[in-house]
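Chemist: attaching a predicted model along with its sequence, questions to come.
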Amino acid sequence: MMPEISLNVLDVAQNSVRARASLISISVRADTGQDTLTIVIEDNGCGMSEEQAARVVDPFFTTRTTRKVGLGVPFFKLAAESTGGRFSIRSTPGAGTVVTAVFILSHIDRMPLGDMVSTIHTLITMNTGIDFLYTFCLDERQFVLDTREFREVLGDIPFDAPEISSYIKEYLTENEREVLQGTIL
Amino acid sequence: MKTLEELRAIREKMQGRVGMRAEDANQTRVVVGMATCGIASGARPVLNTLSEAVQTRKLEHVVVTQTGCIGLCQYEPIVEVIEPGKEKVTYVKMNPEKALEVVDQHLIRGHVISEYTINSVASDK
């Protein structure tokens, strides 16, 4: 298992990268009224057949050839379901995949959300050709990061240029702090 | 809140100074395994430490990238250093502190830290 939910997000989003997505949307929504923490990872990559999507939650199924197990999705599913939450994958070949994990916020077995700033920063700066839409929300407060807006401003300056990479990290850190206002998820 | 205005100001300052870094034959590639096995064993801080150190030390001939699982999950986090004309060096069981040593000793001074390599760790068993 992963020690924090943000690592599951990084891991499962790598599947979207490998599915050759051009846009990956990640949303993290904590709702204290409903007592849920909902993570949605959506991409416009190559998608999976119904059969593949059904088998991807099986730890002994993988399409890779370097090893015989595929633990990323099963880890994420188990982490959500062990809090009494739920997990689903919807996929359409040629259109993309949506992974949804709902955690029960107050459940004792819920792992901490962890360092989402590092996860999103790593995804953006390591995959500069892909656009990311990130939404982070706690009850009525939220912020959005859309790399398509950044790209419009920056033109051909890459996201991994040192100044831009630092800006993205600060953008994530400051906005997350304003949304959380001291709450630890 | 950080705004796009600040990004515009950064862009103005950078104008004409930065182009896309082209892949070139003299580049050293530092590759971090970022599959489930790598991430679960702590590859994210290793990758971030390497990227930051390469930027702050202005090692323009070095590019830090990620890869999937190379099938040696028990040795993760794994960092490979691929220098042109040299044999690939595979560092295993890395952490941010060891990664910084690799930057300072290997990438800057050219000394391979053999005690962190797979050959050394595997032969200890």
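Modeler: All right, it came through fine. Numbers count the residues shown, from 1 in each chain, chains lettered A, B, ... in the order given.
Chemist: what are the ranges of the helices in chain A?
Modeler: A:5-18, A:50-55, A:72-81, A:116-126, A:147-154, A:162-180 (DSSP state H).
Chemist: what does chain B give?
Modeler: Under DSSP H, chain B gives helices at B:4-14, B:36-41, B:43-56, B:96-101, B:118-123.
Chemist: which of these sits most buried?
Modeler: Ranked by mean neighbour count under mean count of other C-beta atoms under 10 Å in any protein chain shown, the helices of chain B are led by helix B:36-41, which reaches a mean of 25. Heads up, the C-betas are built off the backbone N, CA and C, glycines and all.
Chemist: which secondary element of chain A has the worst mean pLDDT?
Modeler: Least confident helix or strand of chain A, by mean pLDDT, DSSP states H and E, is helix A:50-55 with a mean of 86.
Chemist: wait, chain B
Modeler: helix B:118-123 (a mean of 83).
Chemist: quick one on the thing from earlier: nearest to residue A:140, of the helices of chain A?
Modeler: Ranking these by proximity to residue A:140 (C-beta to C-beta) places helix A:162-180 first, at 10.0 Å.
Chemist: how about the closest one: buried residues?
Modeler: Across helix A:162-180, burial judged by 16 or more other C-beta atoms under 10 Å in any protein chain shown covers A:163, A:164, A:165, A:167, A:168, A:169, A:171, A:172, A:175, A:176, A:179.
Chemist: picking that back up, with distance to chain A added, can I get the helices of chain B in JSON lines?
Modeler: Output for the helices of chain B, formatted as JSON lines (distance: least, C-beta to the nearest C-beta, whole Å):
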{"stretch": "helix B:4-14", "distance to chain A": "5"}
{"stretch": "helix B:36-41", "distance to chain A": "4"}
{"stretch": "helix B:43-56", "distance to chain A": "4"}
{"stretch": "helix B:96-101", "distance to chain A": "12"}
{"stretch": "helix B:118-123", "distance to chain A": "15"}
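Chemist: what's the closest of those helices to residue A:74?
Modeler: Among the helices of chain B, the nearest to residue A:74 by C-beta to C-beta is helix B:36-41 (9.4 Å).
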